[in-house]
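Colleague: what follows is a predicted structure for the sequence shown.
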Amino acid sequence: MEKFLMGEYDIIVIGAGHAGCEAGLAAARMGKKTLMLSINLEAVAMMPCNPSIGGTGKGHLVREIDALGGQMGINIDKTFIQSRMLNTAKGPAVHSLRAQADKTRYHLEMKKTIEMEPLLDMKQGEVVDLIVEDGKACGVVLRTGAVYRSRAVILATGTFLAGKIFIGESVYDSGPNGLAPSVELAERLREYGLPMRRFKTGTPARVLADSLDYDKMIPQDGDSEIVPFSFMNDELEKDQVRCWLTYTNEKTHDVIRANFHRSALFGGKIEGVGPRYCPSIEDKVNRFADRKRHQLFIEPEGLDTDEMYIQGMSSSLPEDVQQAFYETIDGLENLKIVRPAYAIEYDCIDPLDLKISLENRTIENLFCSGQFNGSSGYEEAAAQGLMAGINAVLKLDGKEPFVLDRSQAYIGVLLDDLVTKGTNEPYRIMTSRAEYRLMLRQDNADLRLTELGHEVGLVKEDRYGRFLEKKAAVEKETQRLQRTIVSPEKANPLLEELGTASIKSAQSLHELLRRPEVTYDNIAPIDSDRPELSRHQKTSMEVEIKYGGYIQKQLAQIEKFKRLEGKKLSSDIDYSKIDGLRIEARQKLNDLKPLSVGQASRISGVSPADINVLLIHLEKNARRRK
Amino acid sequence: MCETIAAISTAYGEGGIGIVRISGPEALGILRRVFVCKGSITSRRMAFGRIIDPETGDVIDEVLAVYMKGPTTYTGEDVAEINCHGSVVALRKTLALVLRQGACMAQPGEFTKRAFLNGRMDLSQAEAVIDVIKAKADAGYEAALSQMEGDLSRRVREIRAEVLDILVDITVNIDYPDEDIEKLTYEKLLADLEDAGDEIDSLLATAGAGRMVKEGIRVAIVGRPNVGKSSLMNCLLRQSRAIVTEIPGTTRDTIEEAVSIRNIPVYLIDTAGIRETEDLVEMIGIERTKEAFNSADLVVFIADASQPLTDEDRDILERLKDRRHLVLLNKTDLGNAVTPTILGDRSPNGDVIETCLVKGEGIDKIEDKIEELVYGGQLAQKDSVMVSNVRHEELLRKAGQSISDAAVITETGEALDIIEIDIREAYDYLGEIIGETVSDEVLDEVFSRFCLGK
């Protein structure tokens, strides 16, 4: 078939899911002429699985994406239909925002944003090949023969790449949600020598809202006071929808057990590795045989549809079995399934083949992001898309890559984990993956990152202005609280009311705020001339004061961490020549060429003893040179 | 890091002659300022001269000194070595003078560390130096020590696994707030923390014993002249293998001997007797005696059963009050002017061992007491895990502190993720003991295992 040149761009993004959207928008906003391609434009920012954004760890990622000038936070603020702050009974480090999205409106809002972005073009088309010249990615070929040339390419193929759907014994090639898969590109990537592998994930059934019996379920409402995702929004008011909680029972498990043999999962048809933390229901029943019940949430898919999502019940069992086991659940006795649950297997890359900038080691100027890199989740994808977009631009501009370390952001943890440790299952962010959680709070994401986003050119003046304003307000108010001294006469009646010990001598409000019972809001009566602060400003300031002691502790830990990160490893070190390193460590270090001793210490297969040998080697060299 | 370092590079108590070693770019400059000799200082030629304090003009010692230009020296740097001939005091004064001239005190093992880092030694050679340094203790003791350290890491690993379990409980509760899992109660958390804290504490409680077993204890022997101090020294020496010879000094000086009693290195210090005197030589002896008395881990006081207690005896008994001590009633074959009851009434701990040291009677009991002192009265401890390394002890202490911090805020109901910060800290400290938490301090840690100055 004849090929023909259809256009030239700086950057081409393959895929328009959550990674693709952030990558495309970031590249365009940083001044690069960018093209986004998707097999189907109905799939732009599509949420093929759960209808929510955020959650533990994930909510942090969204805040960080927002702080850096990404789109996800703004988009969900515009389109959510229920919002909850999770973990409020726990400390500020793990408060996590989660919002139920109206899927269709989320998609449309993002699509409109992309359409309106001046330097960003969006086209429907299936990429069947990359153009690689001199080991560099410089364009794509579409199924129609159309050729687009570019200086860099970003892969964001999600679950489309060689996608295969499993519903019981039925197996067929397909992308997510019945969309066409991308088969030829998958073959080409393997031919180019990229280390490809198969992962799988799954999604539960969608059912009609009026086929459910809500009397038998427990309602789950949103928060009365809504905290926005985006730092660009202070207050949001919205009518919220209700979600529902119900449980499986022994009968459900019996049906599932009796049909294990018909499951694609146990039938050995699926070769891909699924996520342990998000198992299918048959997997849960199989692995946790002693559990009498598993919980599930019923969540609306949007305001313009009657479809409901059954969270916690993904499955690859045949449709008749699905119908049978869903019916055993309280409230679901008469359910009407409109889309059956399925498992999907897809091609992705071993992320160890990526640099920390997300550039591929094999093909230069080819950046990789999202599920293609072995992650799972919309938020993880978006975070990588954003970083791939930024770094592709920086690469074209001949600048150093934009790297966030583990003490700066969950995004840093995510990327470092992927490219340093690799992953053997779809990778999900969790707060426990971060070492310095108290610093990586969702309330201070802007204070951590907006300055950096401004430096790379993604954060524009409106956001930057708000950030500077918040920073100044927080500092000023903190100082005022330190200066404002209250006498026992003035403070004690209120302190007593709050159930905390009275004071014997005058104290600053700052000091009082450190008490667990005291909050900025509830000491207002004894603090007459306080300024007007926004929600974001108030939260950050209060946490910094309340947990000051622990923040100091963590800063000291970070200091220690930075010392090893600061010991740089040049890429021309030949590790096979370092005596004392174990063979496995030599190979891993030569393959991955870590940038620092800190990164080297996180490579699986490199032991603490190897790191000691490495440290001694470096010190010896440094001295020899002196 | 300090550029030029210095230390006494011969083991303490090894003999009157000792070497002060200086290494670094200032080695020659410092040597020139403190060492005066005929002719000039030439590299690799031993010169005879005197160490003179340039500020006061005081002569400190007559010495042999040598300067060796780097890099073909022990450390790979410029090195100067001063061989002192006088007493330990002269050796120390010389070192102090060198330090005043701008050298820094060498950290334990720092000479070898520099040698190693300057490519003068590979890792196995460096390890061999450790072995040489350690070889002064006897083989059985060494084996016991290594056994002890292996057991320690196993024990630390176990405690660390328990701490990890606590972290996992917290993590699950934080990462899966919606899941239908058993909620972690503060009661359970507190109980788990207290368990972990107790285990760390019980390990820490062995640190005193561990250190004594490894580094030895100093035992000062006091009593009136002719009461049997020398007999006791001789008895203990006869029973065990002396590993260090007598340090010569004036007749009235303290005499120190190192012996191994039941695999515990013991430094015996015979004293001149504490009493007022006009005699200058005796005065020095007495100063030393007081020093020995105050720095000893154990003071052994010997009373004479054949003669009534003197004021001096009573004075010493009074001083024993705030020292760990052992009271011996010797010469029980020669009379009973003093009985165990009389002495017991006056002894601060009421515990008296009757001996007849010339015949070697009572030595076993003394050795029992020394062993008891080291193992804290729990002889069973002897075969169990002990902490003998200062670094380990320090890290355990920090881990214990972090756990107890966590317990305190658990009781006040602080948020789980805040509590977790302390627990994770404890987890990391425990990891540093067994080398599973990597830190760039590792170099200093590895080399601090070397003896000072080698």
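Modeller: On my side now, so go ahead. Numbering: from 1, shown residues only, chains lettered A, B, ... in the order given.

Colleague: how far away is the closest residue in space to B:Asp405 that isn't next to it in sequence from A:Ser571?
Modeller: The shortest distance from B:Asp405 to any non-neighbouring residue, by C-beta to C-beta, 6 or more residues apart in numbering or on different chains, is to B:Asp422 (4.6 Å). Any C-beta I mention is one placed from the backbone N, CA and C, and that applies to glycine too. Look at B:Asp422 and A:Ser571: by C-beta to C-beta, to the nearest Å, they are 39 Å apart.

Colleague: more neighbours: which of these two?
Modeller: Neighbours around B:Asp422 and A:Ser571, counted as other C-beta atoms under 10 Å in any protein chain shown, are more numerous at B:Asp422. The numbers are 23 against 9.

Colleague: sec struct for that one, please.
Modeller: Using DSSP: H, G, I helix; E, B strand; the rest coil as the criterion, the local structure at B:Asp422 reads helix.

Colleague: give the contact list for it.
Modeller: Residues in contact with B:Asp422 (C-beta atoms under 8 Å, 6 or more residues apart in numbering or on different chains) are B:Ser402, B:Ile403, B:Asp405, B:Ala406, B:Ile409.

Colleague: can you check B:Val59 too?
Modeller: If you count contacts by C-beta under 8 Å, 6+ apart, B:Val59 has them with B:Arg50, B:Ile51, B:Ile52.

Colleague: find the closest residue to chain A in the stretch 351-454 of chain B.
Modeller: Closest to chain A within the stretch 351-454 of chain B is B:Ala415: 2.9 Å, counting by C-beta to the nearest C-beta.

Colleague: that residue touches A:Thr88, doesn't it?
Modeller: No: at 9.9 Å, B:Ala415 and A:Thr88 do not qualify as touching, with contact defined as C-beta atoms under 8 Å.

Colleague: only the buried residues of the helix or strand encompassing B:Arg92, if you could.
Modeller: Taking DSSP states H and E as the criterion, the element that holds B:Arg92 is helix B:88-100. By neighbour count with 16 or more other C-beta atoms under 10 Å in any protein chain shown, helix B:88-100 contains the buried residues B:Val88, B:Ala90, B:Leu91, B:Lys93, B:Thr94, B:Leu95, B:Leu97, B:Val98, B:Leu99.

Colleague: nearest to B:Ile264, of the residues you listed?
Modeller: Within the set of these, B:Val88 lies nearest B:Ile264; the separation is 23.2 Å, counting by C-beta to C-beta.

Colleague: residues from the stretch 51-200 of chain A in reach of chain B?
Modeller: Within the stretch 51-200 of chain A, the positions lying close to chain B (C-beta under 8 Å from any C-beta of the partner chain) are A:Thr56, A:Gly57, A:Leu86, A:Asn87, A:Ala89, A:Lys90, A:Gly91, A:Pro92, A:Ala93, A:Val94, A:Ser96.

Colleague: quick one, domains of the chain?
Modeller: All of this is about chain A. For chain A, the structural domains run A:4-199+A:346-456, A:206-345, A:485-557, A:566-625, going by automatic domain parsing.

Colleague: the intended chain is chain B.
Modeller: Per the record, chain B has its domains at B:5-106, B:126-206+B:387-447, B:212-375, by automatic domain parsing.

Colleague: quick one: contacts for A:Arg406?
Modeller: Residues in contact with A:Arg406 (C-beta under 8 Å, 6+ apart) are A:Gly412, A:Val413, A:Asp416, A:Ala434, A:Glu435, A:Tyr436, A:Phe561.

Colleague: you'd agree the first one is in a helix?
Modeller: In this case it means A:Gly412. Yes: using three-state DSSP, the assignment for A:Gly412 is a helix.

Colleague: what's around whichever residue of the stretch 151-300 of chain A sits closest to chain B, how many residues?
Modeller: Of all residues in the stretch 151-300 of chain A, A:Gln295 sits closest to chain B, with a separation of 4.2 Å (C-beta to the nearest C-beta). By the criterion of other C-beta under 10 Å, A:Gln295 has 16 neighbours.

Colleague: repeat that for the one 3 residues further on.
Modeller: Taking other C-beta under 10 Å as the neighbour definition, A:Ile298 ends up with a count of 25.

Colleague: now the strands for the stretch 251-400 of chain B?
Modeller: Assigned by DSSP state E, counting those that start in this stretch, the strands in the stretch 251-400 of chain B fall at B:255-261, B:264-270, B:298-304, B:325-330, B:352-354.

Colleague: kindly report the residues of the stretch 451-600 of chain A close to chain B.
Modeller: Along the stretch 451-600 of chain A, the residues adjacent to chain B under the rule C-beta under 8 Å from any C-beta are A:516, A:547, A:550, A:553-554, A:557, A:560, A:563-564, A:567, A:579-580, A:597.

Colleague: can you list which of these are found in helices?
Modeller: A:Tyr550, A:Lys553, A:Gln554, A:Gln557, A:Lys560, A:Arg563, A:Leu564, A:Val597 (DSSP state H).

Colleague: pLDDT weak spots in chain A?
Modeller: Residues of chain A meeting the criterion pLDDT under 70: A:267, A:580, A:620, A:623-626.

Colleague: who's sitting farthest from the centroid in it?
Modeller: In terms of distance from the mean C-alpha position of chain A, A:Glu489 ranks first, at 50.1 Å (C-alpha atoms, centre = their mean).

Colleague: any idea how far that one lies from A:Ala506?
Modeller: Taking C-beta to C-beta as the criterion, A:Glu489 is separated from A:Ala506 by 9 Å.

Colleague: re the thing from before, pull out the buried members of the ones in helices among the residues of the stretch 451-600 of chain A next to chain B.
Modeller: Neighbour-count burial (16+ other C-beta under 10 Å) applied to those gives A:Tyr550, A:Lys553, A:Gln554, A:Gln557, A:Leu564, A:Val597.
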